[in-house]
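In: Just to be clear, the model below is a prediction. Sequence and coordinates:
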Amino acid sequence: MAYFSTTKKGEIQELREGISSTNIKTKKDSVKRVIGAMMAGTDVSSLLPAVLVNMQTTDLELKKLIYLYLVNYSKSEPELAIHAVNTFVKDAEDPNPLVRALALRTMGQIRIEQITEYMCEPLHRCLKDNDPYVKKTAVLGVAKMYDINAQLVEDEGFIEMLHDLLGDGNPMVVSNSVATLAEIQVSRPEQIILEITSDVLQKLVSALSQASEWGQVHILDALALWYTPETSSEAERIVERVALHLNHNNSAVVLSATKVIVKLTESIKDTAIVDKLMKKLTQPLVSLLSSFPEVRYVALRNLNLIVQRLPDLLVNEINIFFCKYNDPIYVKMEKLEILMLLVNEQNVSQVLNELKEYATEVDIDFVRKAVSAIGRCAILLPGAAGLCVDTLVHLVETSQVNFVIQEAIIVIKDVFRRYPNKYESIIGKLCAKLESLDEPEAKASMIWILGEYADRIENADKVLESYFLETFADEPPVVQMAILTASVKIFLAIPASQPMVQSVLKIATKKTDNPDLRDRGFIYWRLLASSKELAKSVLKAKKPPISAQKDLVSKDVLADLFPYLGTLSSVLHKVPEHVMTVHRPSNLANIPMPGGNAPEEEVTVGRTEEAPQQSLDDIKPSEALEAQQKDEEDLIDLGVFGLGSGSAPPVDSSGLVDLTMLASMMGAPAPAKQSAVDFNTLPQLTQHQSGVSIFGKLIQNNQKPALFLRFRNASNTPITNVDLRFNVNAFALKAQPANLAPYPVQPGQQRDVTIACDFDPAQLKVTGPDIQVGIQCDVGMVMFLLRGKVLSLIQHGTDVNFGKTKAASVKGRVASTVVNGCPGVNPVVQKLVGFGFVETNRMTRDGIEAVQLYGQVPPLTGHIVIEMMFKGGQAHCNSRSEPDYLAGMLGDELGQELP
């Protein structure tokens, strides 16, 4: 440890003198001190010339130290590092295999392209070396060279040499060759780099039993990804060899062998053999949970995927997933998830006893999840629903902890929705715990129960009024919404509660700053004023069924994830291309929601500019209602109460009210006009590790830029709070606040949101076509790249004469695009005019139609001119703009929008 002490003043000169000493021990000690200072963060790059002089030493220990120093400082001093090439090449021919391997390994670690070129000859020679250690090092050197210069590797024929080494007699060389070819294959998916033929297969299987544990992992992973048996008998033969590795001490080998066996069983026709193999898998997988907590967590994340793929594999071993008192919280949480995957009618009683015990733990998050799991069991297993409800009621009656009672009420509400008119007898026991409620979601759930079953709860109006109305103004939006809806439902069931509902409607429409609460208040007001039966048909409409899903990962993603068991992807439950940082995945169309099709709703948040209209505070009831009002306090006609003279709104074929036409009858503004959004081809912007996926694109909403997002929630957490921010971008766009609190995205649901965007000069920075977006929500921070859209920025209403004059003066750089499959000049012009362009010129000559359009982007002081020539289904587009970068971005958009 003395070598890692910090340097003193003047010590660099002392080290330089020590390195230049003729005494080998002094020289070695000095280099050790240099390495120690380097590791401690001290800059000792000035010693590079002195160190280079000693490269040709015959002392192996000193040479290793010098090579370590070179790897660290070669990037900062590439010109000096080049001088080491001759020594590297010379050492690559040294009689000592350790020196040959050391020289080759160091050349690969120095990521300088000039040095990489000098690696070719030593690599050719070392790949044919008689010593397996040198050969193994050379194989890994090919992977390093490919990462620096892929074309050079292909030109030098190293890939073919790696294929030859798959038949090498040393298993270490074979496994490293497989690992290198697999890495190259992943980076070049369009080519077949690693093809496992029957000949290669026999070589890999022969090396499997003799390879090191990580060599076995490389070979098994390659079989899982790129080997498909030709016959059932071949699959049986390979499975028999692979199954021997299920009892390995290394859990990575066990998981790799498992995924190979599971894949090959799909090709085995004999079901008896398949059943036998599944039984063989059980014990090795169970043994993974007998290691350290960190390893257990990784094993549980992988077992989660295995259980989803093979639901019956571990169902008889459910006891191993019961939580122990000394399990870390992250292990307990994962065990709960797997318990929910394995629970069935036969073992539900045993599981419920465990969950009841977990509800007495001290960790709040774990207890909540345990109570929630009881509700999930009730929804998943109709035959055990009664037993689950009894367990929940027992917790409500006996628990002295508020959060247990509140979580139980939340899940009981879901049970009521899953089994209507079956367990309502327990409502009285829930009402006895009203004073224990202090969390918004628990309050909202209890209020929903009061409103939904007002006709079965004695004095439901009094209960709501005494426990919740007094604090209405101080409650969060989700509770206020619940109170508003419940008060109307109670009035429909108990007409005597008229003063209460009148008071709530007055607060909601006159004394609140929440536009969503106010809008809902006006809707209920008009519904009641129009017809009591109409209000009942809306508020008491049949609700969509709810379900608790077992599969946490969609089938398509699960199929993609399974070959990567034992890797980081299997721990995060994300396919490899989604694991690394921010990315732009390809468009995903028609992705099924986990567990079925949840109801989709679109919510527009943020400001949208529309035709001038009255503010909500100034909205008055219709004249017919005004004639019926007795005074300012009378929001609903007290005489007729709900039987207004207005015509009833239309009802569709399913018996549900057409809310769009109903809104127009109420005098509400028409929905904001937005550019067409293809809901089936929305690009996926990101997928959070919790299971939340976000799709979307920039659009024009009401002739203004807006962000259309689709939140798909496959997590266990409702998405309520969303704070979305744009980084500085080339479009000067800034997102308006988004409030999802009144419309939370519940687990298993998806919701469409349109977020208005403003222009902010402080946001302007030419960074390229992508906008960095960050969203802080209930599941954590989510970041992604959003492709900007010039077409969404064009200002509508530009004067044609102004456009003709300005188009002639725009002299920016020209960006050219050829669009195939154009429908013709008129549809294209009509589409661009819809984005805000104006047609400034058109002519036809020799069968070629030409058109010129102008668009204005005032926030960027921008002007865009598009000149298009049409012939034979092709459109040649030349765009120029001020500033220049807009035309280049627009060219890509035209290629996507016009066909």
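Out: Thanks, I have the structure now.

In: When you work out contacts or count neighbours from here on, use the C-alpha atoms and nothing else.
Out: Will do.

In: How about residue 722: what's its closest non-neighbour residue?
Out: Computed as CA to CA, 6 or more residues apart in numbering, the closest residue to residue 722 that is not its neighbour in sequence is residue 777, at 4.6 Å.

In: what's the spacing between the one you found and residue 751?
Out: 14 Å (CA to CA, to the nearest Å).

In: quick one: which of these two has more around it?
Out: Neighbour tally, residue 777 and residue 751, criterion other CA atoms under 10 Å: the higher count belongs to residue 751, 21 against 15.

In: my guess is the more buried one contacts residue 719, does it?
Out: No: counting by CA atoms under 8 Å, residue 751 does not reach residue 719; the two are 10.1 Å apart.

In: Strands of the protein, residue ranges please.
Out: 600-605, 684-687, 692-701, 704-713, 723-726, 733-735, 750-759, 770-777, 780-787, 814-820, 838-845, 848-857, 862-871, 874-882 (DSSP state E).

In: what angle sits between the third one and strand 750-759?
Out: It stands for strand 692-701. Interaxial angle of strand 692-701 relative to strand 750-759 (axes from the mean of the first three to the mean of the last three CA atoms, to 10 degrees): 50 degrees.

In: So what's the gap between strand 692-701 and the chain middle?
Out: Its chain's average C-alpha position is 14 Å from that of strand 692-701, according to CA atoms, centre = their mean, to the nearest Å.

In: Same check on the shortest one?
Out: A distance of 22 Å separates the centroid of the chain from that of strand 733-735, by CA atoms, centre = their mean.

In: Show me what it packs onto, helices and strands only.
Out: Under the contact criterion of 3 or more CA pairs under 8 Å, 6 or more residues apart in numbering; DSSP states H and E, strand 733-735 touches strand 723-726, strand 750-759.

In: Those: which one's closest to residue 331?
Out: For residue 331, the closest of the helices and strands packed on strand 733-735 is strand 750-759, at 28.9 Å, according to CA to CA.

In: and that closest one, which strands flank it?
Out: strand 600-605 (parallel), strand 704-713 (antiparallel), strand 733-735 (antiparallel) (DSSP bridges).

In: sorry, back to before: wait, what's in contact with the residue nearest to residue 722?
Out: 719-723 (CA atoms under 8 Å, 6 or more residues apart in numbering).

In: do the same with residue 374
Out: With CA under 8 Å, 6+ apart, residue 374 has these contacts: 352, 355, 388, 391-392.

In: could you redo the last one with a cut-off of 10 Å?
Out: Listed by CA atoms under 10 Å, 6 or more residues apart in numbering, the contact partners of residue 374 are 340, 348, 351-353, 355-356, 380, 385, 387-389, 391-392, 408, 411-412.

In: Now restrict those residues to buried residues only.
Out: Those of these that meet the buried threshold are 340, 348, 351-352, 355-356, 380, 385, 387-389, 391-392, 408, 411-412, by 16 or more other CA atoms under 10 Å.

In: still on that earlier bit, distance-wise, check the residue nearest to residue 722 relative to residue 709.
Out: For residue 777 relative to residue 709 (CA to CA), the value is 14 Å.

In: before we move on, what about residue 189?
Out: For residue 189, the distance to residue 709 - CA to CA - is 31 Å.

In: So for those two, which residue has more residues nearby?
Out: residue 709 (22 against 9).

In: Leaving out chain neighbours, which residue sits closest to the more buried one?
Out: Counting by CA to CA, 6+ apart, residue 709 lies nearest to residue 696, which is 4.3 Å off, once chain neighbours are set aside.

In: likewise residue 375?
Out: residue 411 (5.2 Å).

In: so where's the chain shaky on pLDDT?
Out: The model of the chain has pLDDT under 70 over residues 1-10, 548-551, 580-681, 739-743, 899.

In: Give me the most central residue, it.
Out: Centroid check for the chain by CA atoms, centre = their mean gives residue 687 as the closest residue, at 1.0 Å.

In: Might one say that it is in contact with residue 779?
Out: No: using CA atoms under 10 Å, residue 687 is not in contact with residue 779, being 11.5 Å away.

In: What is the neighbour count of residue 852?
Out: Residue 852 - counted by other CA under 10 Å - has 22 other residues nearby.

In: now it, which residues is it bridged with?
Out: Residues in beta-bridge contact with residue 852 (DSSP bridges): residue 841, residue 867.

In: Just the helices from the stretch 1-150 of the chain, written as ranges.
Out: 11-19, 24-39, 48-53, 60-73, 78-81, 85-91, 97-109, 113-117, 120-126, 132-148, 150-155 (DSSP state H, counting those that start in this stretch).
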